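J.: coordinates only, sequence not included:
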C-alpha cells in the first residue's frame, strides 16, 4: 500500500516531532482504541487472539441416543467423531505516512493529531471493510477484496451461505442457510422457522434461536425491517392481530456491507449466542496495530510505519443465514400466491 508524504505544499503543519518521535506514536495508539469502540465486527464475529500463524477450528459429532434394550440388554455401541474442521491464517497488513524534516522544524500540534487520527482510522476502516466484505461474499466460495482473493467457505468446504450444506456423518442430510425472497413479515417468519429447524451432523435438532437481524445501510430495507418488528400489532393486518416479532430482535445496520447482492436487497438473520458459543465466524487478531518511527536517510523525513496481523474466516454456518431477492440458488421461501 502506498504511503502518503505530508509537506508544506499540502498546507499541513505538525509540531509534535520537535523533540521526540514518541508522542505521535502515543496519539496513534490512543485513537485506535477510540475507533474500536464503534466497530461492528465483534457483534457478529467471534473475536479470537492467536500466538500461531494459523488456528484450527473443529467440532465433535453428538453421541447417539439412549436405547430401550429390555431386561438385561446389552449396552448399545455409539461413538463420537471429529466434525468438519477449518484452518484460518492471519494475514499481514501494512501502511505508512511520512512528515518532511522541514515540517518537523516548523511543527504545530493540532494538525499532526488530525493526521495521525486519519492514519488509524484507515486501519480501522480496513478491518471493518475486510470483515463486512468477507461476510457478504460468503454467498460464494471466494471473495475478492482489494484485488486479493479470500476463502469464503466454511468448515464443510461449501460457501458460508449455501443451500447444500452436507453432513459429515451422512445422517443430517443437506441443509440450507441461503434463501431467496423479497423481505416481508412472512419471509422473516419463515426464515426464523428454517433456522430453528437447523440440525447437527447426526440429524439432531439444535437450539438455534435467531435474535439478530443484520442489514446494510439501505433506507428502504431499514424501514421495512423496523416496521416488521417495531409494532405491537401486525403491520400487514387491519384486524389488530398481535405482532409476536415485536421486541424479539436486535438490528445491526452495518454501513460497510454492500447495499445489494446481485443487484437486489438482502438481509441476514443470526443467533448471537450461537455465533459466539460455537465460534462460527472467527476473527483472529495475531499482532495488534504496532507503530514505529524511522528517519529516512535519503530525505530526513520522519516515517511512521504501521503493521498488524489479523485474519478471518468461517467455521460453523448454523449461526447465521441470508435472504435476498437476487441470490443465485437460494431456497425459495416467498409467500405462496393464493
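T.: Cool, the structure landed. Just so it is clear, the model here is predicted, and its values are computed rather than measured.

J.: Quick one: distance of stretch 116-128 to the chain centre.
T.: On the basis of Cα atoms, centre = their mean, to the nearest Å, stretch 116-128 sits 17 Å off its chain's mean C-alpha point.

J.: how about it: buried residues?
T.: With burial defined by 16 or more other Cβ atoms under 10 Å, the residues of stretch 116-128 counted as buried are 116, 117, 119, 120, 123, 124, 126, 127, 128. Quick note: C-beta positions are derived from backbone N, CA and C, even for glycine.

J.: Distance-wise, check the nearest residue to residue 139 once chain neighbours are set aside relative to residue 116.
T.: In space, residue 139 comes closest to residue 161 once its chain neighbours are excluded; the distance is 4.8 Å by Cβ to Cβ, 6 or more residues apart in numbering. Distance, residue 161 to residue 116, by Cβ to Cβ, to the nearest Å: 39 Å.

J.: How about residue 313?
T.: Residue 313 is 31 Å from residue 116, where distance means Cβ to Cβ.

J.: just residue 159 next, same as before
T.: Separation of residue 159 from residue 116 (Cβ to Cβ) stands at 39 Å.

J.: returning to that earlier point: for the residue nearest to residue 139, give me the pLDDT.
T.: Reported pLDDT at residue 161 in the predicted model: 98.

J.: hang on, it packs against residue 137?
T.: No. If you go by Cβ atoms under 8 Å, residue 161 and residue 137 don't touch, sitting 9.5 Å apart.

J.: Looking only at neighbour counts, state which of those two leads.
T.: Neighbour count, other Cβ atoms under 10 Å: between residue 161 and residue 137, residue 161 has more, with 31 against 21.

J.: Tell me which helix or strand that one sits in.
T.: Residue 161 belongs to no helix or strand when assigned by DSSP states H and E.

J.: Quick check: it vs residue 185, distance?
T.: Taking Cβ to Cβ, one finds residue 161 at 22 Å from residue 185.

J.: and if you look at residue 159?
T.: For residue 159, the distance to residue 185 (Cβ to Cβ) stands at 27 Å.

J.: ditto for residue 274
T.: In terms of Cβ to Cβ, residue 274 sits 23 Å off from residue 185.

J.: which one of the buried residues of stretch 116-128 is nearest residue 92?
T.: Using Cβ to Cβ, residue 126 is the member of those that lies nearest residue 92, at 12.2 Å.

J.: Now stretch 280-294: buried residues?
T.: Under the neighbour-count criterion of 16+ other Cβ under 10 Å, stretch 280-294 has 280, 281, 282, 283, 284, 285, 286, 289, 291, 293 buried.

J.: out of these, what pair is the most spread apart?
T.: Largest separation among those by Cβ to Cβ: 280 and 293, giving 39.3 Å.

J.: neighbouring strands for the helix or strand where residue 308 lies, and are they parallel or not?
T.: Assigned by DSSP H and E, residue 308 belongs to strand 302-312. With DSSP bridges as the test, strand 302-312 is paired with strand 91-99 (antiparallel), strand 282-295 (antiparallel).

J.: Quick one: work out the angle between the helix or strand encompassing residue 132 and strand 282-295.
T.: Assigned by DSSP H and E, residue 132 belongs to helix 109-136. Counting by axes from the mean of the first three to the mean of the last three Cα atoms, to 10 degrees, helix 109-136 lies at 150 degrees to strand 282-295.

J.: Now the element after helix 109-136, going C-ward?
T.: Using DSSP H and E, the helix or strand that follows helix 109-136 in sequence is strand 142-145.

J.: That next one packs against which elements?
T.: Judged by 3 or more Cβ pairs under 8 Å, 6 or more residues apart in numbering; DSSP states H and E, strand 142-145 is in contact with helix 109-136, strand 148-151.

J.: Could you tell me which residues within the very next helix or strand once past the last one count as buried?
T.: Using DSSP H and E, the helix or strand that follows strand 148-151 towards the C-terminus is strand 178-180. Judged by neighbour count (16+ other Cβ under 10 Å), strand 178-180 contains these buried residues: 178, 179, 180.

J.: Quick check: mean pLDDT of strand 178-180?
T.: Strand 178-180 comes out with an average pLDDT of 97.

J.: Contacts for it next, please.
T.: Residues outside strand 178-180 that contact it (Cβ atoms under 8 Å, 6 or more residues apart in numbering): 139, 159, 161-163, 187, 190-191, 194, 321-325, 327, 329-334.

J.: If we use 10 Å, what do you get?
T.: Contacts with strand 178-180, where a contact means Cβ atoms under 10 Å, 6 or more residues apart in numbering, come from 138-139, 158-165, 187, 190-191, 194-195, 264, 266, 269, 317, 321-334.

J.: name the helices or strands packed onto whichever helix or strand comes after that strand?
T.: Toward the C-terminus, strand 178-180 is succeeded by helix 185-196 as the next helix or strand (DSSP H and E). If contacts are counted by 3 or more Cβ pairs under 10 Å, 6 or more residues apart in numbering; DSSP states H and E, helix 185-196 sits against strand 178-180, strand 212-215, helix 219-229, strand 266-270, strand 320-324.
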